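Chemist: Need coordinates for the following:
(chains A and B)
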Number of protein chains: 2
Amino acid sequence: MTVFTEAALPGRIHVIGAGLIGTSVALAARRAGVQVSVEDVDSNHEQLAAQRWGSVSTLDTSPSAEPEIVLVATPPQAAAEVLASASSRWPDATLTDVSSVKVRPLQEAINLGADPRRLVGGHPMAGGEMSGPAAAHAHLFDDRVWVLCPTPESDPGRVTQLENLVGACGAVVLIMQPHTHDHAVALTSHVPQVMSSILAGALVNADVESLRLVGQGLRDMTRIASSNPAMWTEILEMNGTEIAPVLEYVMAEIMSLTRSLTGDEVAKVNIDRTLRLGVAGRDRIPGKHGAAEREFATVTVQVKDEPGQLADLFVAAGRLGVNLEDVRIEHVLGRPSGLIDLYVRPQLATVLMSGLTEQGFDLRS
Amino acid sequence: MTVFTEAALPGRIHVIGAGLIGTSVALAARRAGVQVSVEDVDSNHEQLAAQRWGSVSTLDTSPSAEPEIVLVATPPQAAAEVLASASSRWPDATLTDVSSVKVRPLQEAINLGADPRRLVGGHPMAGGEMSGPAAAHAHLFDDRVWVLCPTPESDPGRVTQLENLVGACGAVVLIMQPHTHDHAVALTSHVPQVMSSILAGALVNADVESLRLVGQGLRDMTRIASSNPAMWTEILEMNGTEIAPVLEYVMAEIMSLTRSLTGDEVAKVNIDRTLRLGVAGRDRIPGKHGAAEREFATVTVQVKDEPGQLADLFVAAGRLGVNLEDVRIEHVLGRPSGLIDLYVRPQLATVLMSGLTEQGFDLRS
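Modeler: Predicted coordinates:
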């Protein structure tokens, strides 16, 4: 982790909105030695946040002096108004938010009177399917990407100040233009959410027999369909102009493929093209260490579905000096055993396989 | 595992097609004490299969006596012809295949002269993204679903004979009608493959900056996009009539949502409906032990990305007597640490969290 000198850190920040993200920023900033206050319109949220804050110190809900940074962590559709009111409440503070859409909230905040020179949008990419202050943690942003989106009028000094806060919270800063950010998350986050929800929605009327054939592929593809509908309705609506063109591309591809499946003579060529494009696109996703994911080899082991079985396997891998890049437990139907896929660097696969076999593990590949 | 008496098992089976599935069936059947022969049109495949067969015994590529079961494990579009020729080569043998589509290959085999009374379709649901005899293993079908699809004319005794073989191979038998099977896999396997490939295909022209924002959701949704295009082109084409209506449903849903995103006045209600349907559909997917997946609680732990770190964590969980239902390693961007999500039964979450905290682990939830 980059080391930040105390001088570069803000002395005092104020967080508005004590949900998962706001409370976690407060905890992370306190961990770094920053003085923090937190407020929420919901006193219940403030109480929960105070619990996370611990019994030693008391959560300050109204800052006595002007904070250097005000971080707005309300739901996205309230962010603009809260940013504008914070701008007039504290006329010298740097203003930022945490909304996962950037163009519209920033523009609306400026329209409502927020000072554009002090305003820098933010999007910490953490939290996933969790929500609420009870799930907050000082470590939530460790190793996560936190996008900062200056507007054309943002004062560069304010951007640097926020970069220091983000770094102190453990996150990796990416500076992007607001519209570049919104375009990127439409493709990498919002359209995947839509497709996952629609695919899962098709299961609502499926017969029970069909559901017995669900495998790992469909499980993986519908995991994010469990996300909070109210929050995602807001996000999708706010970024509709960036999401719609990607969905139109998807629709055109599905339509073309459907035609090929129902009798067009160039059928095979077209189906094959769709599948090959998919392989090429998948290969572009950066891996854990910047490497392409497919470069990992898989070693599959069968273990009994009992406490301690996985531990034995991981201890054995550790003893062999093999670092596991990823692990997947395959779900099986009503049997007391599990198949474990271990992902390792290809050059280590042989070592792992022979080592595990020697130690009596039941290898499947 | 159910115990099968030797009397119930076929004495001799013949496998045509020495790829991953055919060679694995051969190895699994031999493990159960069945006499097995294997042939392939590709002598290279036969040699690779013989290597998996081991040095002690020799792979028999031409059965001297008539086998009780002939299992056709060729690519799906060759299955019908091979089933028909096997039917005349061995006039008393039970005939089955392993194609992931059932209606069309069975009908074509009968049209080409295969004896419908001796024919029972099969679909062992194993193999995933692997292929080729070198990846074959006797354990490939352990705990997997293996669907058997009798035709209306199939002799019930032949079905029982195959059920015994499937059970001896370690798999769980599901009996389904061919069209029910094809309808089910269109929804649970083929449409997810199409959507994964199309979503991944949209990344082909994405700029590098956008790709830095790819998170676990998109990774999970595009994993199966890496599957073999040639094999999947065959599968999709053969089951086009079942896949097309599901894709039409998906297209209608995407179109309706796209309209809501670009200005319809009932926008929010409609977006919300799509997302809620997704939550409901996801909830219908059976869990590892028949329980719904969402019933598991998640405990997130941060570990260093080094050999032995995961082992320590799993040993600690094992000591606490907590069985891990699933594990997910979250990918992070260029930092030497990893976030591990442990999925456990909700009533065990507190035990696990307090126990791990006591042992000095860095918990995130």
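Chemist: Now tell me what touches the helix or strand of chain A with the lowest mean pLDDT from outside.
Modeler: Every helix and strand of chain A was ranked by mean pLDDT, DSSP states H and E. The lowest is strand A:326-330, at a mean of 73. Contacting residues not belonging to strand A:326-330 are listed as A:216, A:288, A:296, A:310, A:338-343, B:310, B:324-329, B:331 [Cβ atoms under 8 Å, 6 or more residues apart in numbering or on different chains]. Where you see a C-beta, it was placed from the backbone N, CA and C, and this is true even at glycine.
Chemist: Contact partners for the residue of the stretch 51-200 of chain A found nearest chain B?
Modeler: Nearest residue of the stretch 51-200 of chain A to chain B: A:Ser197, at 2.9 Å (Cβ to the nearest Cβ). By Cβ under 8 Å, 6+ apart, the residues touching A:Ser197 are A:225, A:232, B:274-275, B:277-279.
Chemist: Can you classify it by secondary structure?
Modeler: helix (DSSP: H, G, I helix; E, B strand; the rest coil).
Chemist: Apart from its neighbours in sequence, what residue is nearest it?
Modeler: Spatially, and ignoring its direct neighbours in sequence, A:Ser197 is nearest to B:Gly278 (2.9 Å; Cβ to Cβ, 6 or more residues apart in numbering or on different chains).
Chemist: list the helices and strands the strand or helix carrying that neighbour packs on?
Modeler: Here B:Gly278 is covered by helix B:267-283, with elements defined by DSSP states H and E. Under the contact criterion of 3 or more Cβ pairs under 8 Å, 6 or more residues apart in numbering or on different chains; DSSP states H and E, helix B:267-283 touches helix A:191-201, helix A:216-222, helix A:229-238, helix B:240-261.
Chemist: from memory A:Asp230 sits against B:Asp272, does it?
Modeler: Just so we're on the same page, residue A:230 is Ala rather than Asp. Yes. At 7.3 Å, A:Ala230 counts as touching B:Asp272 under the criterion of Cβ atoms under 8 Å.
Chemist: Give me the more crowded residue out of these two.
Modeler: Shown here are A:Ala230 and B:Asp272; by other Cβ atoms under 10 Å in any protein chain shown, B:Asp272 has more neighbours (18 against 12).
Chemist: Give the residue spans of the stretch 251-365 of chain A that score low on pLDDT.
Modeler: Scanning the stretch 251-365 of chain A with the threshold set as pLDDT under 70 gives A:264-266, A:287-295, A:305-307, A:330-337, A:365.
Chemist: Need the contact partners of the helix holding B:Gly278.
Modeler: Here helix B:267-283 makes contact (Cβ under 8 Å, 6+ apart) with A:194, A:196-204, A:206, A:222-223, A:225-227, A:229-230, A:232-233, A:236-237, A:240, B:253, B:256-257, B:260-261, B:264, B:292-294.
Chemist: Domain ranges for chain A, per the record?
Modeler: A:6-176, A:182-283, A:293-363 (automatic domain parsing).
Chemist: can you redo these as CSV with distance to B:Val303?
Modeler: Output for these, formatted as CSV (distance: least, Cβ to Cβ, whole Å):
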stretch, distance to B:Val303
domain A:6-176, 11
domain A:182-283, 22
domain A:293-363, 11
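Chemist: Just the buried ones from the contacts of helix B:267-283?
Modeler: Using 16 or more other Cβ atoms under 10 Å in any protein chain shown as the burial test, those include A:194, A:196-203, A:206, A:222-223, A:225-227, A:229, A:232-233, A:236-237, A:240, B:253, B:256-257, B:260-261, B:293 as buried.
Chemist: What ranges does chain A have for its helices?
Modeler: Ranges of helices within chain A are A:20-31, A:43-53, A:76-89, A:103-111, A:156-168, A:178-185, A:191-201, A:208-211, A:216-222, A:229-238, A:240-261, A:267-283, A:309-319, A:346-358, based on DSSP state H.
Chemist: These: which one's closest to A:His14?
Modeler: Ranking these by proximity to A:His14 (Cβ to Cβ) places helix A:76-89 first, at 8.1 Å.
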